[in-house]
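*Asks:* Okay, structure incoming, though there's no sequence with it:
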């Protein structure tokens, strides 16, 4: 919402910043003032970083993690040391990064690019479940570890994937509840993730 007393240009900047996740009216106002006060090269660097990311970042052709336009496969899918037979299924790339920081998993990933959220209009067709089914049909995967977030929507997404792939011979497990119900992987620490992996169970 435009703030009274500012010029139309500043109002537009604050409105754009306010559309970012977790940024309310006061935060957008503070950020706008920072960008207007900082050295011009700092603001330009931010704008160029955003433009470059939008122009160059793509989804990996195999797992849908983020990669650069000239690399069709992400660094994890390209790594010959990773166990290609064990696939950890996550909702977003930031969940994958949380797993990697914990350094407890040596397999590969599949990013669903979201989770089932009917009230928000997100159904199975908006997720990469078909691509995951195609990976399973390739015959190289022995286990899928469902690592969707431990909440209602994450559990529903995991059950949908398990139902969709129920006729395959692939073992499907779910991370143990070392992760508290209602929490998110993004904020889980290393020990929580290690316990969740070691205590995973059939879905």
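*Replies:* Here it is on my side, so go on. Keep in mind that what you see is a predicted model, and the values were worked out from it rather than measured.

*Asks:* which outside residues touch the longest helix seen in the chain?
*Replies:* Secondary structure of the chain per DSSP state H: the longest helix is helix 40-56. Helix 40-56 has contacts (C-beta atoms under 8 Å, 6 or more residues apart in numbering) with 35, 68-69. The C-beta positions use only the backbone N, C-alpha and C, and glycine is treated the same way.

*Asks:* In a markdown table, list those residues along with secondary structure.
*Replies:* A markdown table is the format used below for these (DSSP: H, G, I helix; E, B strand; the rest coil):
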| residue | secondary structure |
| --- | --- |
| 35 | helix |
| 68 | strand |
| 69 | coil |
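
*Asks:* looking at the residues you listed, which has the most residues close by?
*Replies:* Of all these, residue 35 has the most neighbours under the rule other C-beta atoms under 10 Å, reaching 16 neighbours.

*Asks:* Please determine how far that one is located from residue 55.
*Replies:* Going from residue 35 to residue 55 by C-beta to C-beta, to the nearest Å gives 21 Å.

*Asks:* And residue 25, by the same measure?
*Replies:* Taken as C-beta to C-beta, the span from residue 25 to residue 55 is 30 Å.

*Asks:* Now for the residue nearest the centre of the chain: which residues touch it?
*Replies:* What sits nearest the mean C-alpha location of the chain, by C-alpha atoms, centre = their mean, is residue 92, with 1.4 Å. By C-beta under 8 Å, 6+ apart, the contact list for residue 92 reads 111-114.
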